[in-house]
Structures are given as structure tokens and as C-alpha cells.
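Asks: Show me how the following folds:
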Amino acid sequence: MGKAKQIALWVLQILLALMFLGVGAGKFLHGAQWMEKFRQWGYPENFYLIIAAIEILGAIGLLIPKLIGYAAGMLAVVMIGAFATHLLHSEFRNLVPTGLFTVLLAIVAYQRRPDFVRKNPAKSQAASA
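Replies: This is a model prediction of the structure:
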């Protein structure tokens, strides 16, 4: 991977980490508002706290090299859930930013996937034959 691509990925990871850290912390700081939103969406009363914890842990994981791929994948799954929630509740204005963050996280997850996932099984079989 080229140096420019590495720098761009790190910038993206840092920006995503800051965003998820802020959103996750906001859920803890403004709990009553988030609890009401999650209740309206049909989630259990304190489910927003689980999502907040995942967002904060994911944000930290985006900054730790061995965890980046896992953290980005985990946050992408959360964002897919958020996208589905907004879609099911006709909150169409939230679909574009939610979808954009999902795609950015998927890019990071793919680019930072662990080495054991990168290995091509076809190459491994050809080498052993």
C-alpha cells in the first residue's frame, strides 16, 4: 500500500474515531433524549447505552493498529442497524449520512482487514501442489 493511501486511511480513521467518540459520549451525556428516541424506535429502554459503549470502544479501536479492521467492521454493523432503523421509521433525511458512514467504515474494514483474511486460498492450494 502506498504512503499516500496509508496517510489517507489514517486521516479517515481519526476523523471517524472522533465522530464516533462524540456520538457515543453524547448518548451518555444526553441519556434521556436518546432513551426516548430508542424507545420510539422500539428498542429496549437502555439499549442506547450498549450502542454508546460500542461506539466509544469502536472509536478507540480505530486508533489501535491491530484492532482497526475489527473496530471498523463492528461499527459498520452498528451503522447498518441504524440505517435500517431510519428506513423503517421513514427518517429519510438520516439515510444519506448513515449510509455514507457505513461505506467509509466498510472501506476502512476492508483495507485494514487482518492478514489471515487477506490470504488467497487459491494461491495457498497452488503453492502446496
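Asks: Kindly state the pLDDT recorded for A129?
Replies: You'll see A129 listed with a pLDDT of 51.
Asks: what's the helix or strand for the residue nearest the centre of the chain?
Replies: For the chain, L75 is the residue whose C-alpha lies nearest the centre (CA atoms, centre = their mean; 2.1 Å). According to DSSP states H and E, L75 maps onto helix 68-88.
Asks: what's the answer for A4, then?
Replies: Assigned by DSSP H and E, A4 belongs to helix 3-29.
Asks: So which elements touch that helix?
Replies: Packed against helix 3-29 by the contact rule (3 or more CB pairs under 8 Å, 6 or more residues apart in numbering; DSSP states H and E) you find helix 47-61, helix 68-88, helix 95-111. Where C-beta positions appear, they are placed from N, C-alpha and C, glycine not excepted.
Asks: Tabulate those (a markdown table), appending mean pLDDT and distance to G24.
Replies: A markdown table is the format used below for the helices and strands packed on helix 3-29 (pLDDT from 0 to 100; distance: least, CB to CB, whole Å):
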| stretch | mean pLDDT | distance to G24 |
| --- | --- | --- |
| helix 47-61 | 97 | 3 |
| helix 68-88 | 96 | 10 |
| helix 95-111 | 96 | 13 |
